[in-house]
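Peer 1: structure for this input, please:
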Amino acid sequence: MGDFDFRPGSFRQALRAAVGVLGIAALAGGCVDEDTVYNDRPFGDDPPAAAGGMLGYLQGQAGEPTCAQCHATPSANWTTTAHAGAWETLQNSGHAAEFCEACHAVSEYGNAATEPVGWTSTGDPRYVDVQCESCHGAGEAHVANPEASQPLPSLAVGEDLTNGCGECHNGTHHPFVEQWEMSKHSEVVGFAASRLECAGCHRGQGTLLAWGDRSNYLEKDSEEPLAVVCGVCHSMHDATFEGQLRFPVLTPDVEVHLCARCHDRRSVADPNSSHGLEPHAPETRLLVGEAGWIPPGSGLAAGSVIPTHGSTSNEKLCATCHVAMYTVTDQATGEFEFQSVGHTFESIPCVDESGIPNGETDCAVDAAERSFVGCVDSGCHSTQEGAAAILNFRADFIQTQAEILLALLEQVDPNLDEPGGEIDATVSTFTVAEGGFFNYSLANHGGDVYGSTTHNPPWIRALLAASISAVEDEYGVSAP
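Peer 2: Just a heads-up that it's a prediction; the model follows:
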C-alpha cells in the first residue's frame, strides 16, 4: 500500500499531515477541490495485493466507492447512473456470462491498465459495478499522495484504443464505437477545430468548455483536437437526462435540445458575413420552419409551416430518426445477428444484405439498400417501403423546383457566388439573387435535396416557390 495506512483514523492523520506539509492551497490543488469534501470515518481496508491498486467499494459496501470519501458530489451523482447498477443489470439480463463481467465491474477495461486488475484479477465483490476507477484508473497511489498522483480518465475513442469508453461499448450487442467511427462525429475538421469561433462544435475540448464542463481529463490541454467523442454528449457522472446526455433530446424545443446546440448555425442569410450566402448547420431551424431567406411580400412567416417531423408530436426531434435503434436477425433462422444502436447518426443509413449499417452514404434511396426503421418505429409511417416512396416523391418535386431556381439565378449571374455580379458575398448590399441562392443552397444542403426534404418538405417547397417568383419579378427573367 506504499506509504499509506488504511486503518481507521489513518486517513484523518494523513490529511492533517498533508495540510501541515503542503498548506491548504496546495492540498486544494490535489485531492480537495470544489467537488471534494472530507468525511471523518474509517477509510477502508487494504485492497487485495493482486488488485493492481484498485480500491473498489469502501469496505465492500455496494454503492459506496472508496473515492466517495473525498469526492462526494461526483460520487453521489454517479449513483444515479446505469454504471452504478451495472453488475445487477448483467445478473438480471438472463444471459449473464463470465466474459461479460469485466465490463460490468472495476477491471482493466476503460482505463490505462493493460493487465488484469480489480475484479478480473481477484474476483472480490468490492469491485462489482462500473465505479470511479473503471474510467479514472487505480486510486491507491492517489490516496497515498494526492498531489503527486491524479488519475485522469481518457475521453479518446477508437476501436483499437485500450482505454476509454470504447473498451466496453463495442461488439455486436452494443456497437457504439464501431458505428460512431462510421459517423461524421468521429471526423475532426482540422481547419475548423483550429479556429476559436468554430472550436465550440468542431473540437471536443472546445465543446465541453462551451457547455460549461470544467472536469479534468487526459486530453483536456492537448493540442490534438478530440472529435465529438462519447464524453462530449454524454456525462459519466450525471443521469439527469435520458442516456446520461448533457442536455435533453426528449424535447421539441430547439432552444434546449442537445443536437441543436451545434446543428443550428447560419440557418438564415446574413448579408454582413462573407460566409452568409450558404447555410452551415441549419438542420434544427429547418425542422421547425425557421431557416432560409423569406422574400419580401411572399406572405411567408418563420415558424408558420411545421410538419410532423418538427412538431410537438415528435418528442425527440432529431434523435427520433438519427438515433434509431433496431435489432437485426438472421433471415433464415431468426437468430440474433446485430443490435444497431443508431450511432452512425444517419437517419436512413445504407445497410448490407443483412440490414446492418455499413457506413456508406451513396447507396440508392430505397428500402432495399437503406434502413427506414426510424420512420416506422416512430409511428409516422406504416412500412419502410412506404416511407421510401414518399421521400422520393417529395424529393423529386423539390429537385425540380431547385433546378428551376438555379436556372434563373444563372441567367441573372452566370458566375453564381463567384466574385462579381448580383451574387457576391464580398459586397455588403444584399440582393434578391443572393437570397434566392441561399434558399437554393438550403434545399441542397448536404449535397442533395434529401436532407431538406426529410426535415421540412412543405417549408422548403414554399421557400423555393417564393424565391422563383421574387427572382423573376426583380430581374425580368423567366424560368425555362
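Peer 1: next, the buried residues of stretch 425-432.
Peer 2: Neighbour-count burial for stretch 425-432 flags 425, 430-432 (criterion: 16 or more other CB atoms under 10 Å). Heads up, the C-betas are built off the backbone N, CA and C, glycines and all.
Peer 1: mind listing the strands for the stretch 251-400 of the chain?
Peer 2: Assigned strands in the stretch 251-400 of the chain, in chain order: 326-329, 336-340 (criterion: DSSP state E, counting those that start in this stretch).
Peer 1: farthest-separated two in the buried residues of stretch 425-432?
Peer 2: Using CB to CB, the buried residues of stretch 425-432 span at most 15.0 Å, a distance reached by 425 and 432.
Peer 1: show me where this structure dips below the pLDDT cut-off.
Peer 2: Residue ranges of the chain with pLDDT under 70: 1-43, 274.
Peer 1: show me it divided up by domain.
Peer 2: 10-144, 166-244, 270-314+386-475 (automatic domain parsing).
Peer 1: how about residue 438, nearest residue that isn't a chain neighbour?
Peer 2: Excluding its sequence neighbours, the residue lying closest to residue 438 (CB to CB, 6 or more residues apart in numbering) is residue 269, at 4.1 Å.
Peer 1: what about that neighbour, how many residues nearby?
Peer 2: Close neighbours of residue 269, defined as other CB atoms under 10 Å, add up to 23.
Peer 1: touching stretch 376-390 from outside, list them.
Peer 2: Counting by CB atoms under 8 Å, 6 or more residues apart in numbering, stretch 376-390 makes contact with 308-309, 314, 320-321, 324, 326, 348, 365-367, 370-373, 375, all of which sit outside it.
Peer 1: so how far is residue 340 from residue 382?
Peer 2: Distance, residue 382 to residue 340, using CB to CB, to the nearest Å: 21 Å.
Peer 1: the more surrounded of those two?
Peer 2: Ranked by neighbour count (other CB under 10 Å), residue 382 and residue 340 place residue 340 first, with 21 against 10.
Peer 1: any idea how far the closest residue to the more buried one other than its chain neighbours is from residue 389?
Peer 2: Spatial nearest neighbour of residue 340, excluding adjacent residues (CB to CB, 6+ apart): residue 326 at 5.3 Å. Applying CB to CB, the value for residue 326 to residue 389 is 20 Å.
Peer 1: ok, residue 88 next?
Peer 2: Residue 88 sits 46 Å away from residue 389, going by CB to CB.
Peer 1: residue 452 contacts residue 443, doesn't it?
Peer 2: Yes. Using CB atoms under 8 Å as the test, residue 452 is close enough to residue 443 to be in contact (4.9 Å).
Peer 1: quick one, which of these two is more surrounded?
Peer 2: Higher neighbour count among residue 452 and residue 443: residue 452, with 31 against 27, using other CB under 10 Å.
Peer 1: just checking, next helix/strand downstream of the strand or helix carrying the more buried one?
Peer 2: Residue 452 belongs to helix 450-455 when elements are defined using DSSP states H and E. Later in the chain than helix 450-455, the nearest helix or strand by DSSP H and E is helix 457-475.
Peer 1: in the stretch 351-480 of the chain, mark out all the helices, start to finish.
Peer 2: Counting by DSSP state H, counting those that start in this stretch, the stretch 351-480 of the chain has these helices, from start to end: 373-377, 384-412, 432-443, 450-455, 457-475.
Peer 1: tell me how far the fourth one lies from the chain's centre.
Peer 2: This points to helix 450-455. Chain-centre distance of helix 450-455: 21 Å, with CA atoms, centre = their mean, to the nearest Å.
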